[in-house]
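J.: below: sequence and its predicted model.
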Amino acid sequence: MIGYLTPNYPLVAAFRSLPKTRTRPADRVTREIFKMAPKLSNYFQEEDIRTSKGDLDRPISGLAMDSRRVMPGNLFFALPGRRADGNSFIDEAIQRGAVAIVAEKIPSGTAARVTYIQVADARRALAQVAQRYFNFPDKSLELVGVTGTNGKTTVTNLIKHLLSTSTQRVGLVGTVNYDLGARVVPSYRTTPESLELFGMLAQMRDAGCRQAAMEVSSHGIDQQRVLGMQFGVTVFTNLTRDHLDYHKTLDAYFEVKSRLFNGGIGTSPRVAAINLDDPYGRRLAAEVPQHVRVITFGESPDAVVRAENVQLNFKGTSLTVVWPEGRVQIESPFIGRYNVSNLLAAFAACYALGRDPAVIALRLKSFPGVSGRMERIEEGQAFNVLVDYAHTDDALRNALGMLRAITPGRLFVVFGCGGNRDRSKRPLMTAAVQEFADFAWATADNPRGEALSQIFTDMKAGVKSPAQITFTEDRRHAISLALDAAGPGDCLLIAGKGHETYQEFADTIVPFDDRQVVRELIGIKSIKPA
C-alpha cells in the first residue's frame, strides 16, 4: 500500500480472475489459502454497520482506500474528500478486483458477487478496521504523539534519538521520513491516513521496535487518522496562526489539537506533556481530564520540567534542566530559544516514559540535528547560511529574533508563502520578516495551483519598509542575489522549505533543494573567506 504495506501475494493471487471454464477453489493450495484468509466479519461489529448487501463472511486479501492500488480480493473504502468523493471510484475498484465495498451510501446499481457495507462514517470505519486488521500494533509500542504548530519534527526526531540504543531501534512517523524499524522511507505526509499509519506501526512492531514517535497534525486528528490509537505520551509544543484555511479560527484549531489529550480521538494518553510557556498550553493543561497525568515543561517557574540559566550563542545552547527529583547541566548543539522549548518537550516525554534524566542529558550531546531545521551550510563562505522550515509568522519571528540577537553583521532572509493555503498569514509573515531582517527577498515557495502574482499581492500587504524587500519570482535567483549581498559577519536565513527537495507548481513537481542550490551557487561564485 503506497510502498509501505507488504501485500499478501499468495492470497492476492488466489483471488485473481480465473477463466470462465474454471471454478474456485481450483486446487488444494488455493483451498488452504482461502481457509486462512481473514473474513469481513472479523473486522466489523454489529453496531458499526448501518446496512449491508452480500456475504459478510467472505474472505478478503487486504484493505485499500485508493482505487488505483486495489488488488484482487481487497476490501475498498470509499472515503469522502474535499476534492473528490470515494463513491466515484467504486466501479474502478471493482474492476481491479475489490470483493467488498465500505461506503456511507450504497450505490443504486450494485455489482453481483460484491459485498456492500454502509456505515455512518467511512473514515471512522477505516480507522477501526485498520487497527483490527493489523492486530492493534499501537498497543505493542510505547507510542509518543507530538502535536503543535511548530517544533513537531525536531521534537519527534529528538525523542527517537534519546530513546534509541545500540540494540533497540525506535520507530518514527514524521514530515521528513518514516522509520519503520527495518527500513527508512521518505515521508509524503506528516500524518498519513489511518490505514497506512496502522500498517506502519505493525511493521515497526514486527521489526522489533518497542517505542515510536509520531508527528500528529491537526488534519490528521480532525480526519480521524489517529482514531482509537493508544498513546503512552502526547506532547503539545505550541499553537500559533496556521491552517486557518481549513480550521477557520484559532479556537477551532485549538479544539482539534486538544482532542489528542482529552479523549476526543476515542482514547486518552497515560501522560500529557504540555508547554506551559505557551498561552494555549496553559489553557490545555487546565482542561486535560483528571485521569491523565500532566507534566508541564518550559522556562516558567511553575513548570514540572523547566530550564534555568539559559545561555545562547551561534555554536549551541547551555542550560540547566530541573525536574522534581533533580537537575542536570546540558550542553546542546541546538541554537535559539525556541529550541530550548523543543529540547524540554523531548526531555519531558522521555521523563514521562520513566527514562533516566542523566542518560537523557548525556545523549543530547550526540544528537546530529534535523534535516532542514536550522541546518547550517558550510562551504567556506565568510558568512553564516542557515536553511529552515519556518513557514508561519510565529516561526519566522522566533527564528529571526534568535538570529538577530547573535548576528554581529546584517541579517538577510529569503522566504515565500505557499499557494492554495491560508492567505491570511501571508502579510503577517512579511511583517515578521521586516521586523527583524535588514533586507529580504520574497520569492516562490510552493505556488501549487495559485498564481504567484496573487501570492505576492497578499504578501505585500505586510510591507512597512519597501526599501528593505524585493519580490523575485524565481527562487534560485533570489538565493543567488542574497548570496551576492552577504559579507563577513552577516547571516542569511533561507526559510520555508527546509528539508524539501522539490517545488510544487500547478501541474508539476520539479526538483529543488535549498541546501543543494546554496552549495552549487557558492561553488559557482567561488565565495571564499575574507
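T.: Great, that's in hand.
J.: surely residue 175 is in contact with residue 188?
T.: No - assessed by Cβ atoms under 8 Å, residue 175 is found out of contact with residue 188, at 9.9 Å. To be clear about C-beta, it is placed using only N, CA and C from the backbone, and glycine gets the same treatment.
J.: more neighbours: which of the two?
T.: Between residue 175 and residue 188, residue 175 has the larger neighbour count (other Cβ atoms under 10 Å), namely 23 against 13.
J.: helices of the stretch 151-300 of the chain, start to end?
T.: With DSSP state H, counting those that start in this stretch as the criterion, the stretch 151-300 of the chain has helices at 152-163, 194-206, 218-222, 244-247, 250-262, 279-287.
J.: and these as TSV, adding mean neighbour count, mean pLDDT and distance to residue 104?
T.: Formatted as TSV, the helices of the stretch 151-300 of the chain follow (neighbours: other Cβ atoms under 10 Å; pLDDT from 0 to 100; distance: least, Cβ to Cβ, whole Å):
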stretch	mean neighbour count	mean pLDDT	distance to residue 104
helix 152-163	26	93	31
helix 194-206	25	94	16
helix 218-222	21	90	17
helix 244-247	16	63	21
helix 250-262	19	92	21
helix 279-287	17	95	32
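J.: so which of the ones you listed gets nearest residue 501?
T.: For residue 501, the closest of the helices of the stretch 151-300 of the chain is helix 152-163, at 15.1 Å, according to Cβ to Cβ.
J.: please save the CA atoms from the closest one in CSV.
T.: Output of helix 152-163 as CSV, limited to C-alpha atoms (Å, rounded to 0.1, in the frame of the first residue of the first chain):
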residue,chain,number,x,y,z
LYS,A,152,6.9,18.7,15.9
THR,A,153,9.7,17.4,13.6
THR,A,154,12.5,18.5,15.9
VAL,A,155,10.8,17.1,19.0
THR,A,156,9.9,13.7,17.4
ASN,A,157,13.4,13.2,16.0
LEU,A,158,15.0,14.2,19.3
ILE,A,159,12.7,11.7,21.2
LYS,A,160,13.7,9.0,18.8
HIS,A,161,17.4,9.8,19.4
LEU,A,162,17.0,9.9,23.1
LEU,A,163,15.1,6.5,23.3
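J.: elements contacting that helix?
T.: strand 142-147, strand 171-173, strand 211-215, helix 337-352, helix 357-364 (3 or more Cβ pairs under 8 Å, 6 or more residues apart in numbering; DSSP states H and E).
J.: what's the angle from that helix to helix 357-364?
T.: Angle between the axes of helix 152-163 and helix 357-364 is 120 degrees (criterion: axes from the mean of the first three to the mean of the last three Cα atoms, to 10 degrees).
J.: the inter-axis angle of helix 152-163 versus strand 211-215?
T.: Using the same axes, to 10 degrees, the direction of helix 152-163 lies 170 degrees away from that of strand 211-215.
J.: okay, now the unreliable bits of the stretch 1-150 of the chain?
T.: Counting by pLDDT under 70, the stretch 1-150 of the chain contains low-confidence ranges at 1-10, 14, 17-35.
J.: again, only this time at 50
T.: In the prediction, the stretch 1-150 of the chain carries residues with pLDDT under 50 at positions 1-4, 22.
J.: domains of the protein?
T.: 9-132, 135-364, 375-525 (automatic domain parsing).
J.: which residues touch residue 513?
T.: 500-502 (Cβ atoms under 8 Å, 6 or more residues apart in numbering).
J.: switch the cut-off to 6 Å
T.: Residue 513 makes contact with residue 501 under the criterion Cβ atoms under 6 Å, 6 or more residues apart in numbering.
J.: got it, and residue 441?
T.: With contact set as Cβ under 6 Å, 6+ apart, residue 441 has these partners: 414, 470, 472, 478, 481-482.
J.: can you verify it is assigned to a strand?
T.: Yes - counting by DSSP: H, G, I helix; E, B strand; the rest coil, residue 441 falls inside a strand.
J.: got the confidence number for it?
T.: Per-residue confidence (pLDDT) for residue 441: 97.
J.: now residue 117, what's its secondary structure?
T.: Going by three-state DSSP: residue 117 is strand.
J.: which among the helices of the stretch 151-300 of the chain is found nearest to residue 230?
T.: Taking Cβ to Cβ, helix 194-206 is the member of the helices of the stretch 151-300 of the chain nearest to residue 230, at 10.3 Å.
J.: what residues does the closest one touch?
T.: Outside helix 194-206, the residues that reach it (Cβ under 6 Å, 6+ apart) are 4-5, 63, 65, 126-127, 130-131, 134, 137-138, 140, 171, 178, 180-181, 212, 225.
J.: same question, stretch 422-437
T.: By Cβ under 6 Å, 6+ apart, the residues outside stretch 422-437 that reach it are 241, 244-245, 393, 396-397, 400, 404, 411, 413, 415, 417, 440, 458-459, 461-465.
J.: ok, now stretch 108-117?
T.: Stretch 108-117 is touched from outside by 49, 52-55, 58, 94, 100-102, 106, with contacts defined as Cβ under 6 Å, 6+ apart.
J.: can you rerun that using 8 Å?
T.: 40, 44, 49, 52-56, 58, 94, 98-103, 106-107, 125.
J.: how distant is that stretch from the center of its chain?
T.: 37 Å (Cα atoms, centre = their mean, to the nearest Å).
J.: quick check: end-to-end length of it?
T.: Stretch 108-117 stretches 13 Å from its first residue to its last (Cα to Cα, to the nearest Å).
J.: residue 415 reaches residue 496, doesn't it?
T.: Yes - counting by Cβ under 8 Å, residue 496 is a contact partner of residue 415 at 5.2 Å.
J.: closest to residue 326 out of the helices and strands packed on helix 152-163?
T.: Nearest to residue 326, of all the helices and strands packed on helix 152-163, is helix 357-364, at 6.5 Å by Cβ to Cβ.
J.: that closest one to helix 337-352, inter-axis angle?
T.: 140 degrees.
J.: which helices and strands does helix 357-364 pack with?
T.: Contacts defined by 3+ Cβ pairs under 8 Å, 6+ apart place helix 357-364 against helix 152-163, strand 317-323, strand 326-332, helix 337-352.
J.: CSV for the ones you listed, including distance to residue 13?
T.: Output for the helices and strands packed on helix 357-364, formatted as CSV (distance: least, Cβ to Cβ, whole Å):
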stretch, distance to residue 13
helix 152-163, 37
strand 317-323, 56
strand 326-332, 53
helix 337-352, 44
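J.: so which of these gets nearest residue 369?
T.: Nearest of the helices and strands packed on helix 357-364 (Cβ to Cβ): helix 152-163, 8.4 Å.
J.: coming back round to it: tell me the most packed of the contacts of residue 441, by neighbour count.
T.: Among those, residue 414 has the most neighbours (other Cβ under 10 Å), with 27 neighbours.
J.: secondary structure element holding that one?
T.: strand 411-415 (DSSP states H and E).
J.: relative to strand 411-415, how tilted is the very next helix or strand once past that strand?
T.: Going down the chain from strand 411-415, the next helix or strand is helix 426-436, by DSSP H and E. Counting by the same axes, to 10 degrees, helix 426-436 lies at 160 degrees to strand 411-415.
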